[in-house]
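# sequence and predicted structure, then a few things I'm wondering about:
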Amino acid sequence: MPSTAGDSNKKLAVRGLSAYYLTERGPVKAVDAVNFALSESESLGIVGESACGKSTLGSALMRSMQPPGKIVGGAIVLGGDDIVKMSDREFGKKVRWKKIAMVFQGAMNALDPVYTVGSQLKEILEEHGFEGDVDAKVLESLKQVGLAPAVASRYPHELSGGMKQRVVIAMALLLEPDLLIADEPTTALDVLVQSQIIALLKKLHREKGVTVILISHDLALVSQVADKIGIMYAGQLVEIGSTQDIYKNPKHPYTQALIAAVPRLHSGEKKIRFIPGSPPSLLDPPAGCRFYPRCPHAMEVCKQDPPEFETDTGYVRCWLYDPTLKSMSH
Ligand SMILES: Nc1ncnc2c1ncn2[C@@H]1O[C@H](COP(=O)(O)OP(=O)(O)OP(=O)(O)O)[C@@H](O)[C@H]1O
């Protein structure tokens, strides 16, 4: 399979990952057989419309799904260890926050209003048995995210949205994880602050070597940080490739629709084009390609599940790229 070939030298290899919400009405297949791999120096953007499973994928990678959510299959191999197989105790002790950290969606609004920023950072360090100089570490972590030492003695309500988001990023980085997952970290921030937070994530990736997985519905924003972009549709990764490839040469009809929907300032086009219809329910998704009912190129074969067809920089799950079909039509 193209996506998993050569995974052994990757920093992170996700194979056949499925994470469902086991509801009374049946399983909600929010993440269904997802494959991707990242090497040390790469950052990844996960893009897709609301409810396609982006946050669930992030939570599954962090093993922080709450019931009825559950990882039901697959492997997440980080630095050679499959973290899905670890006991909760082992994962909590060795991996969570130490190797993988996550800035959860809306986390900046969940800062404790009654404690100063410094004491909240200190508490995390003490909880994890940090052995160095706690005060110095707090100041260093604030500096890392571009905040002045004085912020340590401030309460959350005294900070702007952008500053709070920086605090939350500092918290996630306290135990020096190698992998940082940021779920919609710029939502609810104004445009200028959004670009500052994106610049910070970029800096952490480029200068500190933190592998970043950025989750967002905003393709243009993600492309500023990510080396690779994975496009999610209805719980599945339908295409993954280099950022340049996804932009310049999108292959999956859904990716093409997303690109067409990115407003272009000078194109003179007034209307944003988008494909009519809506994604299928994840409770009972149809067999075959999940985009089939909305796809302008739908064919009979699309009623069967598309495998991953290798591309120059990743893969695409679309029958249009089946080399045997191509040779038959010529
Ligand atoms: N606790 C839950 N119980 C049942 N279904 C859930 C639960 N949490 C999420 N889901 C469902 O899982 C699917 C994926 O949701 P998820 O939040 O991962 O999507 P998302 O792409 O991150 O969306 P958004 O961009 O709106 O945050 C949705 O259909 C959602 O309704």
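Yep, it's here.

# tell me the confidence at residue 80?
pLDDT, residue 80: 89.

# okay, now it: neighbour count?
9 (other C-beta atoms under 10 Å). Just so you know, the C-beta spots here come from the backbone N, C-alpha and C atoms, and that holds for glycine as well.

# any idea how far the ligand is from it?
28 Å (C-beta to the nearest ligand atom, to the nearest Å).

# now swap in residue 70 and tell me
Counting by C-beta to the nearest ligand atom, the gap from residue 70 to the ligand is 11 Å.

# what of residue 154?
29 Å.

# I'd say that residue and residue 113 touch.
No. Counting by C-beta atoms under 8 Å, residue 113 is not a contact partner of residue 154; they are 11.7 Å apart.

# buried sites along stretch 244-254?
245, 246, 247, 250, 251, 252, 253, 254 (16 or more other C-beta atoms under 10 Å).

# could you look up the SS state of residue 246?
Here residue 246 is helix, with the state taken from DSSP: H, G, I helix; E, B strand; the rest coil.

# hang on, I meant residue 30
Applying three-state DSSP: residue 30 is strand.

# follow-up on the earlier one: what about residue 154 and residue 113, which has more around it?
Counted by other C-beta under 10 Å, residue 154 and residue 113 do not tie: residue 154 has more neighbours, with 16 against 8.

# now that one. Its backbone dihedrals?
The phi and psi torsions at residue 154 (degrees, to the nearest 10) take the values phi -90, psi 160.

# check contacts around it.
116, 117 (C-beta atoms under 8 Å, 6 or more residues apart in numbering).

# flag every residue of the chain that's near the ligand.
The chain has residues 21, 23, 28, 30, 48, 50-56, 68-69, 217, 282 near the ligand, with proximity defined as C-beta under 6 Å from any ligand atom.

# ok so, going back, export the buried residues of stretch 244-254 as a markdown table, with columns for distance to residue 150 and pLDDT.
Rendered in a markdown table, the data for those read as follows (distance: C-beta to C-beta, whole Å; pLDDT from 0 to 100):
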| residue | distance to residue 150 | pLDDT |
| --- | --- | --- |
| 245 | 44 | 96 |
| 246 | 41 | 96 |
| 247 | 41 | 92 |
| 250 | 46 | 96 |
| 251 | 50 | 97 |
| 252 | 48 | 97 |
| 253 | 52 | 96 |
| 254 | 47 | 95 |
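
# and the residues you listed, which is closest to residue 194?
The closest of these to residue 194 turns out to be residue 247 (C-beta to C-beta; 19.3 Å).

# confidence score at residue 215?
pLDDT, read off for residue 215, is 97.

# and for residue 286?
pLDDT, read off for residue 286, is 85.

# same check, this time on residue 206
So, for residue 206, pLDDT stands at 90.

# that one belongs to a helix?
Yes. The assignment for residue 206 is a helix, going by three-state DSSP.

# state the distance from it to residue 227.
According to C-beta to C-beta, to the nearest Å, residue 206 stands 10 Å off from residue 227.

# then residue 14?
Per C-beta to C-beta, residue 14 is found 16 Å from residue 227.

# of the two, who's got more company?
Per other C-beta under 10 Å, whichever of residue 14 and residue 227 has more neighbours is residue 14, with 26 against 18.

# so what's the more buried one up against?
Listed by C-beta under 8 Å, 6+ apart, the contact set of residue 14 reads 34, 35, 36, 37, 61, 74, 75, 76, 77.

# need phi/psi at the second one.
By that I understand residue 35. phi -120, psi 130.

# what do you get for the fourth one?
The main-chain torsion angles of residue 37 are listed as degrees, to the nearest 10 and equal phi -140, psi 150.

# one more: the first one?
Taking degrees, to the nearest 10, you get phi -90, psi 130 for the backbone angles of residue 34.

# just the element for the residue positioned nearest the centre of the chain, please.
Nearest to the mean C-alpha position of the chain, by C-alpha atoms, centre = their mean, lies residue 215 at 3.5 Å. Under the criterion of DSSP states H and E, residue 215 resides in strand 211-216.

# that strand pairs with which strands?
Note on strand 211-216: by DSSP bridges, its sheet partners are strand 44-47 (parallel), strand 179-183 (parallel).
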